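In: quick one, structure for this:
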Amino acid sequence: MSNNVTIVQSYFDAVGKGDFDTVESLFADDILWHQPGNGIQSGTYTGKEAVFVHLGNFMKWSNGTFAIDRIEYLSNNADLVIAAIHFKAEKGDQQLAMKGMDLLRIEDSKIKEVWLFSEIIADEDAFWNAASKD
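Out: Numbering: from 1, shown residues only. You can find the predicted model right below:
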């Protein structure tokens with residue numbers, strides 16, 4: 001396994017355990033996070049603080065149920081690592097469950113940039129837009 005894949009695997013392991021000190025240590029200070037879609041969650045977030053606020057909103061809006069529940073595989077090409085994942089969240093009678101692809105760029109052994117791709121972005125937008133209103 002390449003060092004870059006190991007870094008990304010460590011990131012997903014830490015997220016799964018709620019170990020955000022480790023997540024923070026794996027992020028570059030000036031990380032760029034590209035969230036797809038046209039929903040309340042969409043946009044580009046710059047820097048660790050902005051990314052953590054963004055990720056915290058997923059937990060807040062889903063009453064703590066947001067999770068990456070499966071990583072199908074990780075693969076790298078030089079400084080890029082792709083993760084084929086499945087994620088889920090629920091709030092009230094609304095449920096979100098779909099596949100996604102996360103593309104992470106590693107620079108100086110840190111996660112420098114993240115692009116997310118969702119299987120059905122319109123459904124994800126609708127879930128977060130509704131969930132954020134409560």
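
In: return the distance of the helix or strand encompassing Q9 from the chain's centre.
Out: Taking DSSP states H and E as the criterion, the element that holds Q9 is helix 3-17. Centroid separation between helix 3-17 and its chain, computed with Cα atoms, centre = their mean, to the nearest Å, is 12 Å.

In: in that helix, which residues are buried?
Out: N4, V5, I7, V8, S10, Y11, F12, A14, V15 (16 or more other Cβ atoms under 10 Å). Yep, even glycine has a C-beta here, placed from its N, CA and C like the rest.

In: my guess is the second one meets Y73, correct?
Out: No: between V5 and Y73 there is no contact, the gap being 9.9 Å when judged by Cβ atoms under 8 Å.

In: what's the pLDDT at S2?
Out: On pLDDT, S2 comes in at 85.

In: and it, how far from D79?
Out: According to Cβ to Cβ, to the nearest Å, S2 stands 10 Å off from D79.

In: try V51
Out: In terms of Cβ to Cβ, V51 sits 19 Å off from D79.

In: so for these two, which residue has more residues nearby?
Out: More crowded of V51 and D79, by other Cβ atoms under 10 Å: V51, with 20 against 14.

In: assumed the more buried one was part of a strand.
Out: No: read with DSSP: H, G, I helix; E, B strand; the rest coil, V51 is helix and lies in no strand.

In: what is the burial count for M101?
Out: 14.

In: isn't it up against A83?
Out: Yes: assessed by Cβ under 8 Å, M101 is found in contact with A83 at 7.0 Å.

In: on contacts alone, who are the packing partners of the host helix or strand of K99?
Out: Here K99 sits within strand 94-107, counting by DSSP H and E. Secondary-structure packing of strand 94-107 (3 or more Cβ pairs under 8 Å, 6 or more residues apart in numbering; DSSP states H and E): helix 3-17, strand 80-91, strand 110-118, helix 121-131.
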